[in-house]
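> Only the shape, not the letters, is given here:
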């Protein structure tokens, strides 16, 4: 299909993501070593996870349960019979010379996730979810002429969640990964910490002329550990592949790395096929037969998931779709909102404060809602003071920031700083009369029909009262006295 403006062919991207999620178990997948992040290198290892000869792995049942839990939450079929396989390759951080993963018989297959991009909903298929062990970590920086290997991560339990090639843009890929991360956190199976490597992905991408059914040659981009990198790497790779094709070249099936500093992808190696890994069934682990009763038990323990919670926030609290979508994007955020509403806050008012002032303060200090020093009941207490006229909406913003900064309650801050709203009509009328007398020309212009000057007079009153005057009383008295 030609582009009429440029005469060039129109292309579309075909994207699939392989997301690696570290499961929130206390111990590794095949041994009892800790999974705690940030410990001294090689301090969390044993003969099993460092691949000593003759040792035998034992499956962590909690990891299996987490994989089933994730499969059920993403509409996957749970395989009643699955098994592990050896994925053979050599790399310094892989102590056994192979990785225990799953191949022909994964634990979960054929699921889906719904995403929303620019107001348009779409369903992205999930090919499979399988379990595997993580590798160690090679350390190159700050080591002079040598590289070191830290095997603390070796054997940490992972889920690899493989999507169908249903994504058509970098924005859809980011929306899918964000939604998946949210689901994993809601389930409690992964902490979603991308900086620590708990969630990362490999992206497979090809381009093809619009309208063509056959896929192009795909390129894999390895180890993307932020939403921004996913988007930027895919945007660059789409442009690169399109340019190669338009110049008469051919796309090479390969693995590339994203260089965030230069903003380009760089060739790493030729892309392996499944046969390159010489998969075969893991002889040290028996196949798994999952009891249907256990699956039913896990199903019944699933929490309310993001989509269901978003729909409930709309129907139960009367929130707009956009508000509900943002408030349910993180489980702790949704809980903070509901705690405030249960304490007596109006749903829409609470939502507005969270999405506006609270998010602004959290972002400025790079804090999460879980680290928020301001508690839901403190917001509600402050809102009640606005409703009963003790403080104005403008003063409330100052009080809110002070609660966030100090942790003090609104009442104490108002008393300490003398922020009580002036609502006495007699006191305000004296100020109004003084301001009108001092701005006689503006008053005459207002009487002549220049009504926009009302804002000027309100501003003068607020300036003189340091924002403490009751806005409703101010407006009523100005209208009456300016026209008298």
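Right, received. Where do you want to start? Source: prediction; values computed, not measured.

> hang on, residue 63 in a strand?
No - secondary structure assignment (DSSP: H, G, I helix; E, B strand; the rest coil) places residue 63 in helix, not in a strand.

> What residues sit buried inside stretch 23-38?
When neighbours are counted by 16 or more other CB atoms under 10 Å, the buried residues of stretch 23-38 are found to be 23, 24, 25, 27, 28, 29, 30, 31, 33, 35. Where C-beta positions appear, they are placed from N, C-alpha and C, glycine not excepted.

> ok, now stretch 33-52?
Taking 16+ other CB under 10 Å as the neighbour-count basis, stretch 33-52 is seen to contain the buried residues 33, 35, 44, 45, 48, 49, 50, 51.

> Kindly report the same for stretch 476-484.
Within stretch 476-484, the residues that qualify as buried by neighbour count (16+ other CB under 10 Å) are 477, 478, 482.

> Now the helix or strand hosting the first one: average pLDDT?
Here residue 477, judged by DSSP states H and E, is contained in helix 471-482. Mean pLDDT, helix 471-482: 71.

> what do you get for stretch 339-356?
Across stretch 339-356, pLDDT averages out at 96.

> So which residues make contact with it?
Contacts of stretch 339-356 with the rest of the structure, by CB atoms under 8 Å, 6 or more residues apart in numbering, involve 317-319, 323, 326-327, 333, 336-337, 376-377, 379-380, 383-384, 400.

> what's the most distant pair in the residues you listed?
The largest separation in those, counting by CB to CB, is between 326 and 384 at 24.5 Å.

> Of these two, give the one with the bigger neighbour count.
Set residue 326 next to residue 384 and count neighbours by other CB atoms under 10 Å: residue 326 wins out with 19 against 15.

> pretty sure residue 449 belongs to a strand, no?
No - assignment of residue 449 by three-state DSSP gives coil, placing it outside any strand.

> Compute the distance between it and residue 462, please.
In this view, residue 449 and residue 462 are 24 Å apart by CB to CB, to the nearest Å.

> just checking, residue 433 touches residue 480?
No - judged on CB atoms under 8 Å, residue 433 makes no contact with residue 480 at a distance of 10.9 Å.

> pLDDT below threshold where in the stretch 351-484 of the chain?
Using pLDDT under 70 as the threshold, the predicted model of the stretch 351-484 of the chain has low-confidence ranges 420-428, 448, 464-465, 467-468, 470-472, 474, 483-484.

> And the buried residues of stretch 33-52, which is closest to residue 293?
residue 35 (28.3 Å).

> Angles on the backbone of the closest one, please.
phi -100, psi 10 (degrees, to the nearest 10).

> That one against residue 29, yeah?
No - with contact defined as CB under 8 Å, residue 35 does not count as touching residue 29 (9.1 Å).

> Need the overlap of contacts for those two.
Shared contacts of residue 35 and residue 29 (CB under 8 Å, 6+ apart): 156, 157.

> who's in contact with residue 22?
Residue 22 makes contact with 35, 134, 156, 157, 158, 190, 191, 197, 198, 199 under the criterion CB under 8 Å, 6+ apart.

> how does it look with 10 Å?
By CB atoms under 10 Å, 6 or more residues apart in numbering, the contact set of residue 22 is 35, 37, 134, 153, 156-159, 184, 189-193, 196-200.

> Could you do residue 258 as well?
With contacts defined as CB under 10 Å, 6+ apart, residue 258 is in contact with 203, 221-226, 229-230, 232-234, 236-237, 264-266.

> Give me the buried subset of the residues you listed.
So, of these, 203, 221-222, 224-226, 229-230, 232-234, 236-237, 265 end up buried under the neighbour-count rule (16+ other CB under 10 Å).

> picking up where we left off before, ok, which pair from the buried residues of stretch 33-52 is furthest apart?
For those, with distances taken as CB to CB, the pair at the greatest spread is 35 and 51 (17.6 Å).

> now the helices for the stretch 301-450 of the chain?
306-317, 321-327, 331-342, 347-353, 359-364, 376-387, 393-406, 410-417, 425-438, 440-447 (DSSP state H, counting those that start in this stretch).

> With the stretch 1-150 of the chain instead?
For the stretch 1-150 of the chain, the helices defined by DSSP H, counting those that start in this stretch cover 61-73.

> Please enumerate the strands of it.
Assignment of strands within the stretch 1-150 of the chain using DSSP state E, counting those that start in this stretch yields the ranges 11-22, 77-78, 81-82, 85-88, 98-101, 108-117, 120-133, 137-139, 148-150.

> Return the list of strands paired to the second one, each annotated with direction.
Sheet partners assigned to strand 77-78 using DSSP bridges are listed as strand 108-117 (antiparallel).

> Centre of the chain to the partner strand, how far?
Average the C-alpha atoms of strand 108-117, do the same for its chain, and the two points are 16 Å apart (CA atoms, centre = their mean, to the nearest Å).

> Kindly report the same for stretch 195-207.
In this view, stretch 195-207 has its centroid 14 Å away from the chain centroid, taken as CA atoms, centre = their mean.

> now that stretch: mean pLDDT?
The pLDDT scores in stretch 195-207 average 93.

> Show me which positions of that stretch end up buried.
197, 198, 199, 200, 201, 202, 203, 204, 205, 206, 207.

> which one of those is nearest residue 70?
Nearest to residue 70 among the buried residues of stretch 195-207 is residue 199, at 12.5 Å by CB to CB.
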